[in-house]
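Peer 1: kindly generate the corresponding structure for this input.
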Amino acid sequence: MSLATAPETAVAPEGPRKETGQRPPRAPFRLLRHSLALAGRSLLKTARTPEQLIDVTLQPVIFVVLFVYLLGGAVSGSTEEYLTFLLPAIMVQTVIFASVATGINLNTDIKKGVFDRFRSLPIGRSAPLLGSVLGDMVRFVVCILVLLGFGAALGYRIGTGPLSAVAACLLVMLFAFALSWASVLLGVVAREPGSVQGISFLALFPLTFGTNMIAPTDTLPGWLQWWVGVNPVTDVMEAARGLLNGGPVAAPVAQTLAWSVALFAVFFPLAVRAYRRKS
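Peer 2: Sure, this is the predicted structure:
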């Protein structure tokens, strides 16, 4: 008995695979896309716990009421004139104070192990940090809107135009964004969220109150005038006053932009490096 042999099907041999030794190109804007996705997570957290916005909704109102009605008559002789002088500076101060929450929230997430999960994902190491900062910028927007709305209710009127007012808000937010990276660095290296808050306010009080926010520079003692002159927050306040009320803006705006670039160039790489070493 003979065995029938099934016909063999000819299979074309595969060509040799070329080994290029190169990784596939990364998708464009990959880091930005991941950062925005994590910023959405931060916004979702804020929406679910709106009490986190108490400091940027009540604090500006309290500062305006206290300073205008306690000091307005003594400093300028009129609460209306003092409101015009004070409100742009209060906007700068409260937005800068709002940046502290970025470091506190970051430190809390690190302690809870949330960032351990991020490290297991195929995302850039700096994406969680960028996402936290971008997501918390909604606090700046809320703070500015509340402050301008409350100021308008008290009689404050913008003395320039809508474009200048928008430019003032964006400039203040840009400076706060750059300064936020100092808070991020502290949030990464500190052991407790309370330490982040304490150290941040210890540094921010001389920066925000050691300015011409409350009184004109020429009414201050000589040694304090020197500090006001070299303080970068003074430049931001002067730029905001010029853009909102009118007056010279070229020099303070240029100095604010320069300080923003310098702060970001220093604290962003330090924060990313500290986060990578921590991981």
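Peer 1: which other residues reach the helix or strand encompassing residue 223?
Peer 2: Using DSSP states H and E, the element containing residue 223 is helix 222-230. With contacts defined as Cβ atoms under 8 Å, 6 or more residues apart in numbering, helix 222-230 is touched by 206, 210-212, 217-218, 220, 234. Glycine gets a C-beta too; all of them are placed from N, C-alpha and C.
Peer 1: if we use 7 Å, what do you get?
Peer 2: The contact list for helix 222-230 (Cβ atoms under 7 Å, 6 or more residues apart in numbering) reads 210-212, 217, 220, 234.
Peer 1: narrow those to those that are buried.
Peer 2: The neighbour count (16 or more other Cβ atoms under 10 Å) marks 210-212, 220, 234 as buried among the contacts of helix 222-230.
Peer 1: lowest pLDDT pick from these?
Peer 2: Lowest pLDDT of these: residue 220, 89.
Peer 1: check contacts around that residue.
Peer 2: By Cβ under 7 Å, 6+ apart, the neighbours of residue 220 are residue 228.
Peer 1: for it, grab phi and psi.
Peer 2: phi -90, psi 160 (degrees, to the nearest 10).
Peer 1: what's the spacing between it and residue 102?
Peer 2: 31 Å (Cβ to Cβ, to the nearest Å).
Peer 1: low pLDDT regions in the stretch 1-150 of the chain?
Peer 2: Applying pLDDT under 70 to the stretch 1-150 of the chain flags the ranges 1-28, 115-116, 119-122, 124.
Peer 1: tell me which of the buried ones among the contacts of helix 222-230 is nearest to residue 168?
Peer 2: For these, the minimum distance to residue 168 (Cβ to Cβ) is 15.3 Å, reached by residue 234.
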